[in-house]
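1. please find the sequence and the predicted model below.
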Amino acid sequence: MHRKSAYILFLAVLGLLVIGIVMLFSTSAFARDSHGDVYFFIRRQAIWFGIGLIVCVFAALVDYHFWRRTWWLWFAVAVGALALCYFPHIGMRINGSRRWIGVGPITFQPSELAKLAAIFFLAAWFTRYETATHNLLFSIVFPLAIVALLAVLVLGEVDLGTTALLGATAFVVMFVGGAKPLWLGVGAFAGLGALLVVATQISQRMGRLSAFLHPQDFKEDAGLQQMQALIAWGSGGMEGLGLGNGRQKMLYLPYAHTDFIFPIIGEELGLRFSLLVVFLFVIIIVCGITIALHARDRFGLLLGCGVVSLLALQAAVNVGVTTSLLPNKGLPLPFISYGGSNLVACMFGIGLLLNIYRQGILEPPQRKSAAMRVRITPRI
């Protein structure tokens, strides 16, 4: 299984990318901001896919220990990029959130870089302090305080979904790194409570929570997206209405080409293709965990688990939101939703997994030879 995991992972990602391009072609022509060009989003996504492919190849070829040595640099770049979101004329305010920075037609979401920087830091930290996992300061307080710097900047953008995703991914890496589950549980409840308190102070986010609890009372405003998504699921049924025949994308379901593209898959291609998408994500998770478990060292294990948890949690949240199992969070579906920053970040994560796999395949014979040399070396 391990020797074929990279090939299976590649095929699963390729399948999601193909589905994403096809569905983006079907939905993006009806987007409000298509600028009169039905191929506007297709062209932009194709450019970002090319960049993501280059980044993926780069991450697959460069020794992943490079990210351990330079984690502080990427952390600093992420902090600086997040800070730029608050500067006028650089940070872009869209739908009440400052999540993007841009110059001219080029825009970028710094929170995607922040998620990767947090994984680099945590993997490097718990590799360096492997024997200090019993220490509360080194296993919980210090790493959480450093990650909180990124989380606070993301939270200030009014991006609760990415903040929760960043925190959840951090807790997964810390758990794999050896932090005590009891301490992590206390920290998780404290973080969740803090997010709920913040959400109650923001009218738009409070509206989303209210719409989740009472969808019928908010189906015309805060709960519109999730209500229309449910209609799309019901219209599609098992077989679907046929590719291109969906109705909810015709300005009934806002942002059908980004965060809510999954219900359009259900409406046009049916439940079978929707389950196929979920199955492909399960394959990515299983192959990613297999690669991480066979990493050549502790840093590779933690880095791989961080990437897998990031992809898995983001996909799970998007599926949960679009099926009304979770409040609306505004997170895209990896590899499928329109969005260049997220696509590049996901492709970079796949490149890291391929790099860990490549070195893990080459390492076992070296370990065996080293062990044999130790056994035959005479003691003095």
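-> Here it is on my side, so go on.
2. show me the helices in the stretch 51-200 of the chain, by range?
-> Secondary structure of the stretch 51-200 of the chain (DSSP state H, counting those that start in this stretch): helices at 65-69, 71-84, 110-128, 136, 142-156, 160-177, 181-200.
3. what comes up buried for stretch 14-29?
-> 15-17, 19-29 (16 or more other C-beta atoms under 10 Å). Every residue, glycine included, has its C-beta placed from N, CA and C.
4. turn these into CSV, including pLDDT, distance to Glu268 and secondary structure.
-> Listed next are the buried residues of stretch 14-29 as CSV, based on pLDDT from 0 to 100; distance: C-beta to C-beta, whole Å; DSSP: H, G, I helix; E, B strand; the rest coil:
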residue, pLDDT, distance to Glu268, secondary structure
Gly15, 96, 17, helix
Leu16, 96, 16, helix
Leu17, 95, 18, helix
Ile19, 95, 11, helix
Gly20, 93, 14, helix
Ile21, 93, 14, helix
Val22, 92, 10, helix
Met23, 92, 8, helix
Leu24, 91, 12, helix
Phe25, 89, 11, helix
Ser26, 87, 7, helix
Thr27, 86, 9, helix
Ser28, 78, 14, helix
Ala29, 74, 13, helix
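5. rewinding a little: nearest to Leu343, of the helices of the stretch 51-200 of the chain?
-> helix 110-128 (9.2 Å; C-beta to C-beta).
6. could you check the angle helix 142-156 makes with that closest one?
-> Calculated by axes from the mean of the first three to the mean of the last three C-alpha atoms, to 10 degrees, helix 110-128 forms an angle of 180 degrees with helix 142-156.
7. buried sites along helix 110-128?
-> 110-127.
8. what's the angle between it and helix 160-177?
-> 10 degrees.
9. run through who's touching the helix or strand following helix 110-128.
-> Following helix 110-128 in sequence order, the next helix or strand is helix 136 (DSSP states H and E). With contacts defined as C-beta atoms under 8 Å, 6 or more residues apart in numbering, helix 136 is touched by Trp183.
10. and stretch 322-330, by the same measure?
-> 159-161, 164, 208-209, 211-212, 215, 222, 225-226, 229-230, 233, 259-260, 262-263, 317, 319-321.
11. could you redo the last one with a cut-off of 6 Å?
-> With contacts defined as C-beta atoms under 6 Å, 6 or more residues apart in numbering, stretch 322-330 is touched by 161, 208-209, 212, 226, 229-230, 259-260, 262-263, 317, 320-321.
12. and the residues you listed, which are buried?
-> Judged by 16+ other C-beta under 10 Å, buried ones among the contacts of stretch 322-330: 161, 208-209, 212, 226, 229-230, 259-260, 262-263, 317, 321.
13. in helices only, show me these.
-> Under the assignment DSSP state H, these contribute Gly161, Arg208, Leu209, Phe212, Gln226, Ala229, Leu230, Phe262, Pro263, Val317, Val321 to helices.
14. TSV for the contacts of stretch 322-330, including distance to Val282 and pLDDT?
-> Shown next, in TSV, are the contacts of stretch 322-330 (distance: C-beta to C-beta, whole Å; pLDDT from 0 to 100):
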residue	distance to Val282	pLDDT
Gly161	22	86
Arg208	28	73
Leu209	29	74
Phe212	25	74
Gln226	24	84
Ala229	22	89
Leu230	23	89
Asp259	21	89
Phe260	21	90
Phe262	15	93
Pro263	20	93
Val317	15	94
Gly320	15	92
Val321	19	91
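15. specify which member of those residues is nearest to Leu182.
-> Closest to Leu182, out of all of the contacts of stretch 322-330 and judged by C-beta to C-beta, is Val317, at 25.4 Å.
16. could you list every residue that touches the closest one?
-> Val317 neighbours (C-beta under 6 Å, 6+ apart): Lys329, Leu331.
17. again, only this time at 8 Å
-> Val317 neighbours (C-beta under 8 Å, 6+ apart): Gly161, Ala164, Leu165, Leu326, Lys329, Leu331.
18. what's around the second one, how many residues?
-> Translated: Ala164. Look at Ala164: counted by other C-beta atoms under 10 Å, it has 20 neighbours.
19. hmm, back to that, quick one: which of the helices of the stretch 51-200 of the chain is nearest Cys305?
-> Nearest of the helices of the stretch 51-200 of the chain (C-beta to C-beta): helix 160-177, 4.7 Å.
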